[in-house]
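Structural data only, the sequence is not supplied:
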């Protein structure tokens, strides 16, 4: 049976989709119709994850955090923060890393309290719809793990937090990843967000990873900087291990950027009967580097859009297609 022409997009926010999300770049099917333009374009668009050092750095840090935090309690547990501006490919790198970690952890199921009990295993939680408040954050976690607790508007954050503290160990949950964490906001000028966040980090026996843009300056971890300050934010800041993702903008970094492009180009070149030579052209690469400003996510987007724009017209990709795509995304 053929796959549906317009399939539902997969989402890392849906646990049921996780078995179908890619951990490595897919292999070209033996029956692939490389003469069909729509098929080739669809294949290029879904080429991910492209291997980068960012994926390895984040995955290694997750494993280090899990091992370190496994011997700690409350205030001793480390927090991992993945920080970086938009279009760097943070979410793809983090998603790939957490799926690979999940695949190892899922093999070590929790021990049920009763021998006859059926325990649902949920070692990794991913949240990206936490809104701007602490109550919505804890309720999003409860929804992801399919908690039986009724999540009404009248259900307090404290009630959900205490429920999760009892539930997560039974599910074998070890890691909670909060994406777009910079969207969390304080209410007024109070310290309710960081106070509550510290309570959650300490109360839930798991490791936390926060992902976002400008996390150190966001309401999440920001401190007043006043001498003698001793707030929840100050305490959290002392426990953060920060991974700072940056564009590869300098001439010294350009070889590393080229290596990332080569990884994508190698996958595209596996499709026969098309002329991909422009992807190895020096002038094309220089234009791509200048337009993308060394941003990994934007670079991959530009390459894919350039190739599919040309192919959809039955044309050989050129630098002119790249410039046309760039004009289309310019502010």
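Structure's in. What do you need? This one's a predicted model, so the numbers in the text were calculated from it and none came from an experiment. Numbers count the residues shown, from 1 in each chain.

Low-confidence regions, the stretch 151-300 of the chain specifically.
Scanning the stretch 151-300 of the chain for pLDDT under 70 picks out the ranges 185-194, 218-234.

got the contact list for the residue nearest to the spatial centre of the chain?
With distances taken as Cα atoms, centre = their mean, the chain has residue 91 as the residue nearest its mean C-alpha position (2.7 Å). By Cβ atoms under 8 Å, 6 or more residues apart in numbering, the residues touching residue 91 are 128, 179, 211. Just so you know, the C-beta spots here come from the backbone N, C-alpha and C atoms, and that holds for glycine as well.

how far does the helix or strand containing the last one sit from the chain's center?
Counting by DSSP states H and E, the element that carries residue 211 is strand 207-212. Strand 207-212 has its C-alpha centroid displaced from the chain centroid by 10 Å (Cα atoms, centre = their mean, to the nearest Å).

Parallel or antiparallel, list what pairs with that strand.
strand 79-83 (parallel), strand 175-178 (parallel) (DSSP bridges).

Provide a complete list of residue ranges assigned to helices in this structure.
Per DSSP state H, the chain carries helices over the ranges 37-45, 53-69, 90-105, 134-144, 157-171, 192-203, 232-237, 254-268, 282-292, 296-312, 319-329.

Of the ones you listed, which is nearest residue 12?
For those, proximity to residue 12 was assessed by Cβ to Cβ; helix 90-105 is nearest, at 5.1 Å.

just to revisit the earlier point, now the strands paired with strand 207-212 in JSON lines, with mean neighbour count?
What follows is the strands paired with strand 207-212, written out as JSON lines (neighbours: other Cβ atoms under 10 Å):
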{"stretch": "strand 79-83", "mean neighbour count": "24"}
{"stretch": "strand 175-178", "mean neighbour count": "24"}
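
Between these, which one is closest to residue 314.
Per Cβ to Cβ, nearest to residue 314 of the strands paired with strand 207-212: strand 79-83, 41.0 Å.

and the angle from the closest one to helix 53-69?
170 degrees (axes from the mean of the first three to the mean of the last three Cα atoms, to 10 degrees).

returning to what we had before: residues in contact with the strand holding residue 211: which ones?
By Cβ under 8 Å, 6+ apart, strand 207-212 touches 62, 65-66, 69, 77-83, 90-91, 94, 98, 174-183, 201, 218, 220.

Enumerate every residue touching residue 324.
So residue 324 contacts residue 309 (Cβ under 8 Å, 6+ apart).

actually residue 302, not the one I wrote
By Cβ under 8 Å, 6+ apart, the residues touching residue 302 are 288, 291-292, 322, 325-326.

again, only this time at 6 Å
Going by Cβ atoms under 6 Å, 6 or more residues apart in numbering, residue 302 touches residue 292.

was I right about residue 77 contacting residue 71?
No: with contact defined as Cβ atoms under 6 Å, residue 77 does not reach residue 71; the gap is 9.7 Å.

Give me the more crowded residue out of the two.
Under the criterion of other Cβ atoms under 10 Å, the comparison of residue 77 against residue 71 puts residue 77 first, with 20 against 8.

and residue 155, what does it touch?
Not one residue lies near residue 155 by Cβ under 6 Å, 6+ apart.

Could you report the separation of it from residue 93?
34 Å (Cβ to Cβ, to the nearest Å).

same deal with residue 124?
Remark: distance between residue 124 and residue 93 (Cβ to Cβ) = 15 Å.

who has more neighbours, those two?
Neighbours per residue (other Cβ under 10 Å) separate residue 124 from residue 93, with residue 93 holding more: 27 against 24.

tell me the contacts of residue 11?
Residues near residue 11 by Cβ under 6 Å, 6+ apart: residue 17.

Give me the pLDDT for it.
Predicted confidence (pLDDT) for residue 11: 93.
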